[in-house]
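K.L.:
sharing a sequence plus its predicted fold:
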Amino acid sequence: MATGTRTGGILARPTSMEGVWGWVTTVDAKRIGMMYITTSILFFLWGGIQALVVRTQLSYPGAEFVSPDTYNSMFTMHALTMIFLAIMPMSVGFFNLIVPLQIGARDVAFPRMNALSYWVYLFGGLLLSMGWLFGEAASSGWFAYAPLTESAYAADRGMDFYVLGLLVLGVSSMAGAFNFIVTIINLRAPGLTWFKLPVFVWMTFITSILLVTAFPVITVALIELMFDRYLGANFFVAAQGGDPLLWQHLFWVFGHPEVYILILPAMGIVSEVLPTFARKPLFGYPVIVFSGIIIGVMGWMVWSHHMFTVGLGTVAVGVFTVTTMLIAVPTGVKVFSWMATMWKGSIALTTANLYAIGFIALFVIGGLSGVSHSMSSSDFQQQDTYYVVAHIHYVLFGGSIMALFSGLYYWFPKFTGRMMNERYGKIQFFLLFIGMNIAFGPMHWVGMDGMPRRIYTYTSNMGWDFWNMVSTLGAFLLGFSILLLLHNLVRSFKKGEIADADPWDGRTLEWSIPSPVPHYNFARIPNVVSRDDWWARKYVTGEDGVTHPIPQGGAYAENEEDVDVHSIHLPDPSYWPLVTAIGLALMGGGVVFHLAISIVGALIMLVGIYGWAFEPVNEPDEEHEEHEEQVIN
Amino acid sequence: MIRAIPLLILGSMLMLSVGCTPEHLMSTFDPLGPVAAEQKMVWDFVFWAMAVVFVTVLPMLLYMTLKFKRKEGDPIPPQTHGHRNLEIAWTVLPILVLAVAAVPTLNVLKYVLEPPAGSMQVNVTGHQWWWEFEYPELGIRTANELYIPVGKPVQFNLQAKDVIHSFWVPKLGGKQDAIPTRTNVMWYQADVTSPPEGFYGQCMEFCGTSHANMRLRVHAVESDAFDIWVQAQKEPGPVAEDLSELAAEGRDYFENMDFTATYADGAVSKQRCVYCHTVDGLGISGARTGPNLTHVASRRTLLSALVTNNSENLTSWLDNPQAMKPGSRMPNPTLTDAQTVALVEYLQSLK
Amino acid sequence: MEATIAPQHDEHATTTGLDHRKMLMWTFLGSDCLFFGSLIATYLIYRGQSIQGPFPYEVFDIPYTSVSAFVLLMSSLTMVLALSAIQRGDQRNFRIWVIATAVLGSVFLGGQVYEFTLFVSEGLTVKTNLFGTTFFVLTGFHGVHVTIGVFMLLSLVGASFAGKVKQHQSINVELIGLYWHFVDIVWIVIFTVVYLVEAPAIEAAKAAVGH
């Protein structure tokens, strides 16, 4: 390890990976990934509690469990928490854990920026959620339509926490995305060409491109709203000619790619899990990759389907109807390919696989209701009803969350060195699956029965009572199953059965290295020959179509002894990302509370940036200098 | 286990049909006019398409999960990478299905967004949290309860005073948003008369604290009944001479009495009923801050179709508006019991 | 031995051969296009929609702004010269050209500040109307980008005097140069779209009064 030196910072550069300070200054993608996942699970629980408050209030007509304003904050913050603080970061957590391993790299391209992304997420998430502490949580819906969000109609600071929280979180998302774009293009192991990449890596890549192109648009929308609220600008002020639809267009030009940002990583995970547990390659790999790219591109052409009822005119609505219907095609193709992967496979019903198969079922349901939404003329009846709420929860919970949980069960052994309890896992899965359907299934009926969304109560003569109560009970069952998942995670972490490197007989590179993964990932960077390279090292398919193991399989494992792992250079830990993140968060928070805080924050951020810029990736030490000389000469 | 699959299919069909409750007041399965009917037709088409996919794909998934379940000693299966013709088929087939679906969708889209020529005009303005209706051709203005003649198309010109709202009466058709700075056009036609309480409607775009309470009713009546209603609406409010003593006192309070108004945000000022609410025939009129009350007693409901129109509810409202409609722009008027009783008597005489 | 260690800091051995940081800068600039694109789109959507003045034709001084645009354009030239100098190992000229770039950038910013204060004195603020709102936010954020660029240039000068800018590490200069040229190009677009091209409604209004 490098020796610590003073590099312009007041403190010596951290050197150790031990203890809390080791985690706080880490630049190791694996640790950052685990921090992302842990934090996102905690925010997921918080978002779930908010959901249960919503469901309790709606469980019977005329309930007074919470006040209308509190209820309106609950559904607003529930959505923001789940989308920005749970699903997206959990996906990014998996990017961090899995992508470097699947491409045969030791870390991402910019380890310190990676750490920055995490810390900015944590602080941004706290800033976004902080409104609750003051009784001023945002209450204008997660989509925050102007002019309801202007100071005249949203006088408290809820929208300020919203604007600044999301601006800060945007920095985290974009920094992370930039990192993965460069990593995937530039750090692939020798021989690993694009069409040999695991689908999870492809989906990470496409998602990252969507992130860096979509977030600037919402950044502008948020800035415009901020200027209206703080400086009296007129972006959305009707009296001055401001157009409320400008907000909607900007928001949804971001918002639609955002939903693909939410689902593509999930599709990537499922594309890894299904083939492994079917012992067959992914069916139609090129088509799955191309359909992912097409979804990424077409995702930019459909945004106004969120605005079908705003009066865009027959032509515009018609165009978006057609583009939205068409985007169902690449999605459907993926579903068929996943099912074809299972066809005539040898399917192991591990918990991870149950989640993946459950994902297909539930995502199909969500996709079908989505297709019905695309038919704009009948969508005029469905828009803003509980039918939409059903759709979004089937695709986001039944889709994204199911796949992320599949990823948890699947990759848990790789990073902790222990197996999650399978029996417990299956019980937990079934309770979740049943709970989820009981919670969200009935929302289809009450929606078509006319129940609007975003209402804090309803009257008993509408006929919605029964299904709302059912839905609430389902939600509590769902919540209970999540507690079981948590328990399984914690228990398995402490006492799970010890896992070996390749417990699932996997197909991709992460299974070729020990569990838990050593800090250098690969002792020797592999030379990749084919898609599913690890599988190809273990098995060969003869002329007769029969596949059998290669006698000396697990070829990467050999020669480990040859490699002096101590000579492997990894980036040193650093505290500058944390300092910079603190500065950025204070800058954002200060706009809500007091400008002096922002100025202090800006100064801290500048110190952080300069310290970072002048700190080398690695501290100089003797071995490293020899190596440098070799490279120059 | 596999034999359970037909049961599952039947079960899911049953589940899907459970949602059909056209008798419910806001059901979209009970189209009572051509706009709703056309939209339902599109829905029926997509519903059956979805149902076909649902009952083929999901049971297939379950079947495969069970049939190909790994057993001890199973060999590694054939490593099939793809099948070009199959992949082409399942890309092209959905495109064709969607292309077919697009035709009625787009035709109905044109139909529902373009009101027939000669439609009766109603200007709808959404406020936080009530509906203002003006019939420009007839010169009348009312709130929260709309009357339309059966069998005739009605064009709604949607506007909003403050934030975005959305106008919806499910049994008559889909919704469109009411957005400040623009006018959106939609139309309905009722082909049957409405039940006594009217067709139910509600604001469908989140508009703040009492979004849940912003409802409306549409009464579709035969043409002659409609004409009678119009005539009645054109009458101004009764003069003092035609009122009982108590009601005349209420009328005087309504027009001339200053009271301390405490608003939901804590602001306090001196107000008069007539500064916000219009009753035609009074000295001051034209105020549109609050609903037009000229014929408030003729409405079946109060507070944007939230409660039944009776003295009790009116009294509670005047006593504490925030308790009945949280966040309401109507301030608490701090009246004495006597003043309240008189005002309620007056309001109940505004038929 | 080298081939088995994945390149982290060794800029010579990436999959594409391109340096990570250069790829990052290009990606970031691509993303920044969408940022400015959204602001420019907002400006264009609201062009000609202001309910009251001042209107663009009443406050714009095209000759003045042309000069400041030229100044910024020249700063891109000096930036190119700076990069060329450091690539040759010529520290002295490198410092001269970087300082020149920073000075020209600062002159541009000074010109912006002067122009803005002039507009404010003529009654145009961010609150006045849609034109004021969209103009100041769009050009303001561009100005922020230029300011950040000037900070980076001055840091570069400081680093050079501290002996930290080496010929074989000229990539850092190249990265700042890329950013600087991008900011310049954005200004070309803004100058054209905002200053030079008028809203049709305003043109018609002007024609009507014989302007």
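P.N.:
Now that the structure is in, tell me what you want to look at.
K.L.:
ok, A:Thr39 to A:Asn353 distance?
P.N.:
A:Thr39 is 27 Å from A:Asn353, where distance means CB to CB, to the nearest Å. Every C-beta, even on glycine, is put in place using the N, C-alpha and C of the backbone.
K.L.:
what residues does the stretch 151-300 of chain A have near chain B?
P.N.:
A:153, A:155, A:238, A:241-245, A:278-281, A:283-287 (CB under 8 Å from any CB of the partner chain).
K.L.:
circling back: which of A:Thr39 and A:Asn353 has more neighbours?
P.N.:
A:Asn353 (25 against 19; other CB atoms under 10 Å in any protein chain shown).
K.L.:
return the residues in contact with the residue nearest to the more buried one when sequence neighbours are not counted.
P.N.:
Take A:Asn353 and drop its neighbours on the chain: the residue closest to it by CB to CB, 6 or more residues apart in numbering or on different chains is A:Phe277, 4.0 Å away. Contacts for A:Phe277 (CB atoms under 8 Å, 6 or more residues apart in numbering or on different chains) come out as A:345, A:347-350, A:352-353, A:356, A:504.
K.L.:
just how off-centre is the helix or strand hosting A:Phe277 within its chain?
P.N.:
A:Phe277 is part of helix A:244-278, with elements assigned from DSSP states H and E. How far helix A:244-278 lies from its chain's middle: 9 Å, per CA atoms, centre = their mean, to the nearest Å.
K.L.:
ditto for stretch B:45-56
P.N.:
Centroid separation for stretch B:45-56 versus its chain: 29 Å, with CA atoms, centre = their mean.
K.L.:
hey, C-alpha coordinates of stretch A:120-128 in PDB?
P.N.:
Output of stretch A:120-128 as PDB, limited to C-alpha atoms (Å, rounded to 0.1, in the frame of the first residue of the first chain):
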ATOM      1  CA  VAL A 120     -23.900  13.600  -3.000                       C
ATOM      2  CA  TYR A 121     -26.800  11.100  -3.200                       C
ATOM      3  CA  LEU A 122     -26.800  10.600   0.600                       C
ATOM      4  CA  PHE A 123     -26.800  14.400   1.300                       C
ATOM      5  CA  GLY A 124     -29.200  15.200  -1.500                       C
ATOM      6  CA  GLY A 125     -31.600  12.500  -0.300                       C
ATOM      7  CA  LEU A 126     -31.500  14.000   3.200                       C
ATOM      8  CA  LEU A 127     -32.000  17.500   1.800                       C
ATOM      9  CA  LEU A 128     -35.000  16.300  -0.300                       C
END
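K.L.:
average pLDDT for it?
P.N.:
Stretch A:120-128 carries an average pLDDT of 98.
K.L.:
now do the strands in chain A.
P.N.:
According to DSSP state E, chain A carries its strands in the segments A:539-541, A:547-549.
K.L.:
about what we covered before: list only buried entries from the residues of the stretch 151-300 of chain A next to chain B.
P.N.:
Among those, the ones that count as buried by 16 or more other CB atoms under 10 Å in any protein chain shown are A:153, A:238, A:241-245, A:278-281, A:283-285, A:287.
K.L.:
for B:Trp187, give me phi and psi.
P.N.:
Dihedral pair for B:Trp187: phi -150, psi 150, per degrees, to the nearest 10.
K.L.:
what about the residue lying closest to it once chain neighbours are set aside, how many neighbours?
P.N.:
Distance criterion CB to CB, 6+ apart; nearest residue to B:Trp187, sequence neighbours excluded, is B:Pro115 at 3.6 Å. As a burial measure, B:Pro115 scores 20 neighbours (other CB under 10 Å).
K.L.:
tell me which element the spatially most central residue of chain C is part of?
P.N.:
Nearest to the centroid of the C-alpha atoms of chain C, with distances taken as CA atoms, centre = their mean, sits C:Val183, at 2.4 Å. Per DSSP H and E: C:Val183 is located in helix C:171-190.
K.L.:
helices or strands next to that helix in the packing?
P.N.:
The contact analysis (3 or more CB pairs under 8 Å, 6 or more residues apart in numbering or on different chains; DSSP states H and E) places helix C:171-190 against helix C:20-46, helix C:62-88, helix C:91-121, helix C:130-161.
K.L.:
just want the angle from it to helix C:91-121.
P.N.:
30 degrees (axes from the mean of the first three to the mean of the last three CA atoms, to 10 degrees).
K.L.:
in helix C:171-190, which residues are buried?
P.N.:
So for helix C:171-190, counting by 16+ other CB under 10 Å, buried means C:171-187, C:190.
K.L.:
need the contact partners of it.
P.N.:
C:11, C:19, C:21-22, C:25-26, C:29, C:32, C:36, C:40, C:69, C:72-73, C:75-76, C:79-80, C:82-83, C:86, C:94, C:98, C:101, C:105, C:138-139, C:142, C:145-146, C:149, C:152-153, C:156, C:165.
K.L.:
ok, of these, which come out buried?
P.N.:
Buried subset of those (neighbour count, 16+ other CB under 10 Å): C:11, C:19, C:21-22, C:25-26, C:29, C:32, C:36, C:40, C:69, C:72-73, C:75-76, C:79, C:82-83, C:86, C:94, C:98, C:101, C:105, C:138-139, C:142, C:145-146, C:149, C:152-153, C:156, C:165.
K.L.:
picking that back up, what angle do the helix holding A:Phe277 and helix C:20-46 make?
P.N.:
140 degrees.
K.L.:
buried set for helix A:244-278?
P.N.:
A:244-278.
K.L.:
equivalent analysis for stretch B:266-286, please.
P.N.:
By 16+ other CB under 10 Å, the buried positions in stretch B:266-286 come out as B:271-274, B:276-280, B:282, B:285.
K.L.:
quick check: which ranges of chain C have low pLDDT?
P.N.:
Where chain C drops to pLDDT under 70, the residues are C:1-12, C:199-206, C:208-211.
K.L.:
ok, A:Val20 to A:Ser574 distance?
P.N.:
A:Val20 sits 16 Å away from A:Ser574, taking CB to CB as the criterion.
K.L.:
between these two, tell me which one has more neighbours.
P.N.:
Legend: neighbour count by other CB under 10 Å for A:Val20 and A:Ser574, higher for A:Ser574 (24 against 7).
K.L.:
quick one: that one and A:Val24 touch, right?
P.N.:
No: assessed by CB atoms under 8 Å, A:Ser574 is found out of contact with A:Val24, at 10.4 Å.
K.L.:
contact residues of chain C facing chain B?
P.N.:
Checking chain C against chain B by CB under 8 Å from any CB, there are no hits.
K.L.:
could you pull out the helices for chain B?
P.N.:
Ranges of helices in chain B, per DSSP state H, are B:4-18, B:34-67, B:84-113, B:223-234, B:245-256, B:273-276, B:311-319, B:321-324, B:337-347.
K.L.:
contacts for the fifth one, please.
P.N.:
Think helix B:245-256. Contacts of helix B:245-256 (CB under 8 Å, 6+ apart): B:237-238, B:240, B:243, B:272-274, B:277, B:279, B:282-284, B:339, B:341-349.
K.L.:
and it with helix B:337-347, angle?
P.N.:
90 degrees.
K.L.:
buried set for helix B:245-256?
P.N.:
Neighbour-count burial for helix B:245-256, with 16+ other CB under 10 Å as criterion, is recorded at B:246-251, B:253-255.
K.L.:
filter the residues of the stretch 151-300 of chain A next to chain B by proximity to chain C?
P.N.:
Applying CB under 8 Å from any CB to these, one finds that A:241-243 fall near chain C.
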